[in-house]
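Asks: mind looking at a prediction? Sequence and model below.
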Amino acid sequence: MAIKFSYEKTVGEIESIVDDIENNRMDIDQLADAVVRVSDLLKKCKQKLADTKSVIDNLNEDNSAKD
């Protein structure tokens with residue numbers, strides 16, 4: 001079964017990683033992995049935002065056509 005994407009949880013994870021980086025709670029080896037992880041999470045968030053925008057745009061088009 002696929003794990004459902006949670007935008008809020010993903011943003012929370014990004015914020016947590018950034019906080020760890022800013023407060024020097026990672027060594028250089030962890031930092032490299034963290035940067036890759038944040039990059040992946042940001043891509044997922046951007047895709048979710050784009051998908052949501054597309055849905056909203058489609059709904060707006062449908063509503064405009066009915067007027």
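Replies: Sure, I can see it.
Asks: can you pull the buried residues of the longest helix seen in the chain?
Replies: Longest helix of the chain, by residue count under DSSP state H: helix 28-66. Of the residues in helix 28-66, those buried by neighbour count under the rule 16 or more other C-beta atoms under 10 Å are 34, 38, 41. Bear in mind the C-beta positions are built from the backbone N, C-alpha and C, glycine included.
Asks: now pLDDT and distance to residue 3 too, for these, in JSON lines please.
Replies: Rendered in JSON lines, the data for the buried residues of helix 28-66 read as follows (pLDDT from 0 to 100; distance: C-beta to C-beta, whole Å):
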{"residue": "34", "pLDDT": "97", "distance to residue 3": "21"}
{"residue": "38", "pLDDT": "98", "distance to residue 3": "19"}
{"residue": "41", "pLDDT": "98", "distance to residue 3": "14"}
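Asks: which residue is nearest the middle of the chain?
Replies: Centroid check for the chain by C-alpha atoms, centre = their mean gives residue 45 as the closest residue, at 2.2 Å.
Asks: kindly export stretch 14-27 (C-alpha atoms) in CSV.
Replies: Once side chains and other backbone atoms are set aside, the C-alpha atoms of stretch 14-27 remain, and they are given as CSV (Å, rounded to 0.1, in the frame of the first residue of the first chain):
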residue,chain,number,x,y,z
ILE,A,14,12.1,20.2,6.1
GLU,A,15,11.9,22.8,9.0
SER,A,16,13.4,20.3,11.4
ILE,A,17,16.3,19.5,9.2
VAL,A,18,17.0,23.2,8.5
ASP,A,19,16.8,23.9,12.3
ASP,A,20,19.4,21.1,12.9
ILE,A,21,21.7,22.5,10.2
GLU,A,22,21.4,26.1,11.5
ASN,A,23,22.1,25.0,15.0
ASN,A,24,25.1,22.9,14.1
ARG,A,25,23.5,19.6,15.2
MET,A,26,24.9,17.7,12.2
ASP,A,27,28.4,16.6,11.3
